[in-house]
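**Q** Sharing a sequence plus its predicted fold:
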Amino acid sequence: MKQKVLLQLAVIADVAGVIVTLLHRASTETGFTDVLDPREGLLLAAILVTIVLAEFSIPGKSLKQVFVFALFAGVFCISTFFVSSESQLKDYFSVGAYGSLLLQFTTVLVALLDRKSSLLASFILAGVIFIGATTAGFVYTFRTVWSSSGQDRLDAAVVLGASVWGKEKPSPLLQGRLDAAVQLFKSGETGRLVVTGGTRRFGTVESAVEAAYLEQNGVPDSAIIKEEYTQSTSDQSLYIRKVLMDSLKMNSIAIVTDGWHLPRALLICRLNRFRVSGIASSYKLPVLSEIYYRVRESVALQVYLLFGA
């Protein structure tokens, strides 16, 4: 009975985490469709499968396994709360929540399939599932989903933020995105450039460094819009929809980022119920660096689909 009670507490923690996330979103968003979106379907399905497996695997579980399972559930509950907040640490918590849910699922699956199961088996299975999902995401980053702006003049081109290396120095990665935006402006494809990124480094925010670089390369200040609060691609997607499209009534928008980042960025926009075109930077990374960024994108894609972060 102790084992069953602990597992049921773990399940309650999972469900509570989802409820907290939905209630927080309901208090900060307007409209029912902003509270429930496609991501919650995946998250709820994963939790329901875990609950069903847990109910069937209770008899063969050791107290140690049940304790670890409940512990992970508690981490998940706390993580979902932070994911639903505006904390700058939400990306770290969402990765923790993803790992927590993965370990819960594999722990009960191992217990269900093997009555002599061990925590080691759970971690091994979790690793196998993670590698499989990450490989699929890695392949997805090569998907050709972007397009040029075409013949229609853009209302704006939005540069997605990246790291900066100094108060007036964008990283090579960010510089590649900015150079692509400058080219769009000088070719007459758009008369407005939007720079994003509210991460504070070197006493300033990313978007301020981006704006300064654009001005140094011939883009007048009057043609630049600075966004100084977003911390992630999902935040920037919401900024495009709520500020640029809904408030400023812009219709034709392109996002400018790296080729390996575009598939996830455009998918996030589609899940937020709007579409934009995409333009890839011409900056080329060394092979090992590109592999690293594509693997990171794959993990970020999994985290976003489950937790929206």
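**A** Good, I have the coordinates.

**Q** contacts, neighbours, all on C-alpha from now
**A** Noted.

**Q** ok so residue 284 is a helix residue?
**A** No - assigned with DSSP: H, G, I helix; E, B strand; the rest coil, residue 284 falls outside any helix and is coil.

**Q** What is the neighbour count of it?
**A** 13 (other C-alpha atoms under 10 Å).

**Q** Now do the helices for the stretch 101-250 of the chain: every range, in order, please.
**A** For the stretch 101-250 of the chain, helices defined by DSSP state H, counting those that start in this stretch occupy the ranges 119-140, 172-186, 206-216, 233-239.

**Q** Out of these, which is closest to residue 164?
**A** Across these, residue 164 has its closest neighbour in helix 206-216 (6.4 Å, C-alpha to C-alpha).

**Q** Pull the contacting residues for residue 165.
**A** By C-alpha atoms under 8 Å, 6 or more residues apart in numbering, the residues touching residue 165 are residue 171.

**Q** pLDDT score assigned to it?
**A** What the model reports for residue 165 is a pLDDT of 88.

**Q** Make 36 the first number, not 1, from now on.
**A** Okay, using 36 as the starting number, the last item reads as residue 200.

**Q** And it, how far from residue 239?
**A** Applying C-alpha to C-alpha, to the nearest Å, the value for residue 200 to residue 239 is 11 Å.

**Q** Which pLDDT does the model give residue 302?
**A** 89.

**Q** how many other residues sit next to it?
**A** Residue 302 has 17 nearby residues by other C-alpha under 10 Å.

**Q** quick one: what helix or strand has it in it?
**A** helix 297-306 (DSSP states H and E).

**Q** what are the pairing partners of the very next helix or strand once past that helix, and which direction each?
**A** Next along the chain after helix 297-306, taking DSSP H and E as the criterion, comes strand 312-315. Strand 312-315 sits in its sheet next to strand 288-292 (parallel), going by DSSP bridges.

**Q** and the gap between residue 204 and residue 318?
**A** Distance from residue 204 to residue 318, by C-alpha to C-alpha: 16 Å.
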